[in-house]
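# just to be clear, the model below is a prediction. Sequence and coordinates:
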Amino acid sequence: MTSDKVGTSIAQPGGFSSGPTPIRPRVFVLSDLRLLREGVAAALSQQPTVEVVGASDLSAQPWGIAELAPDALLLDITVPGSLNLSEPIRNALPRAKVVCLGVAEIEPVVMACARAGVSGFVAPNGSVSDVLAAVHSAVRGDLVCSPRTAGILLNRVSALTAPRAVEDSSDALTQREREIARCVGEGLSNKQIAKALGIQSATVKNHVHSILGKLKMRRRIEIVAFSRRQATHSPDRIPENHKQRDSAMVHDRAAMDGDPTV
């Protein structure tokens, strides 16, 4: 029978081990909903692959939980503010894994859990088997989650790495293309760029096409954003006769004929 208070251990607490992953992880349940924490603790107590060492509401002190040496903490995040406990818990129990219960499969919730350092996700409709899988995966250093949650995490990672990928692609630009990209960033039209650089407008247009392809972009305004990011890291300056234009002109000019290079 599990205890509902920190400090009452179900089994003799053991120290954290730096050795192999525990075959039977020690689990502690945290929830302000008594019915939920007692139900989860009771259900897991019937499972031979985990050991429930205690359960408590969210007023539990991390150091008190640490005395029970759990390998994983099941944190119910259906109560507002409960996710704030993740950091102090991880500080007090650096080797324990936090597995969140009741994780709605929407980006704000999933990403809040990820930022809090959560090691496992169980959806509101998750089963006891899902909880067990999340616990065992977390203590192994793996992650088991639904396809939707995985999609949210991967999309976010992709979005975060995309700017870096663009910066890396910029190495493929020629010196002339870099110069034209800087001019585009100033809001200059192709004709204005051609006049400033002493080349034909058609040549400028070809260069803009090449820049879009190399940077994997589709719109001229993306070159504007790219060149302005580059400007913060480059000592090069646009020639004085390149007067800065409002980038809205780029939108308007490109929208007139649907050509992103104009």
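Sure thing, it's come through. Numbers count the residues shown, from 1 in each chain.
# and the helix or strand hosting N206, what does it pack onto?
Using DSSP states H and E, N206 maps to helix 201-214. Packing contacts for helix 201-214, counted by 3 or more CB pairs under 8 Å, 6 or more residues apart in numbering; DSSP states H and E, involve helix 175-185, helix 190-197, helix 220-231. Yep, even glycine has a C-beta here, placed from its N, CA and C like the rest.
# relative to helix 190-197, how tilted is it?
110 degrees (axes from the mean of the first three to the mean of the last three CA atoms, to 10 degrees).
# mean confidence for helix 201-214?
For helix 201-214, mean pLDDT rounds to 91.
# how far is it from where the chain is centred?
Using CA atoms, centre = their mean, to the nearest Å, the distance from the centre of helix 201-214 to the centre of the chain it belongs to is 34 Å.
# put the alpha carbons of it into CSV.
Provided in CSV are the C-alpha atoms of helix 201-214 (Å, rounded to 0.1, in the frame of the first residue of the first chain):
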residue,chain,number,x,y,z
SER,A,201,19.2,44.7,-64.5
ALA,A,202,18.9,41.2,-66.1
THR,A,203,22.2,40.3,-64.5
VAL,A,204,20.9,41.4,-61.1
LYS,A,205,17.8,39.3,-61.6
ASN,A,206,19.8,36.2,-62.4
HIS,A,207,21.9,36.8,-59.3
VAL,A,208,18.8,37.1,-57.2
HIS,A,209,17.5,33.8,-58.6
SER,A,210,20.8,32.2,-57.7
ILE,A,211,20.7,33.6,-54.2
LEU,A,212,17.2,32.3,-53.6
GLY,A,213,18.2,28.9,-54.8
LYS,A,214,21.4,28.6,-52.7
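# buried residues, that helix. List them.
V204, K205, H207, V208, S210, I211, L212, K214 (16 or more other CB atoms under 10 Å).
# who's in contact with the nearest residue to V184 once chain neighbours are set aside?
Leaving out its chain neighbours, the residue that sits closest to V184 by CB to CB, 6 or more residues apart in numbering is I223, at 4.7 Å. Applying CB atoms under 8 Å, 6 or more residues apart in numbering to I223 gives the contacts A181, V184, G185, V208, I211, L212, L215, M217.
# dump those to CSV, plus distance to I23.
Listed next are the contacts of I223 as CSV, based on distance: CB to CB, whole Å:
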residue, distance to I23
A181, 58
V184, 61
G185, 59
V208, 61
I211, 57
L212, 55
L215, 51
M217, 52
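# flag the shaky bits of the stretch 1-150 of the chain, pLDDT-wise.
For the stretch 1-150 of the chain, the stretches flagged by pLDDT under 70 are 1-20.
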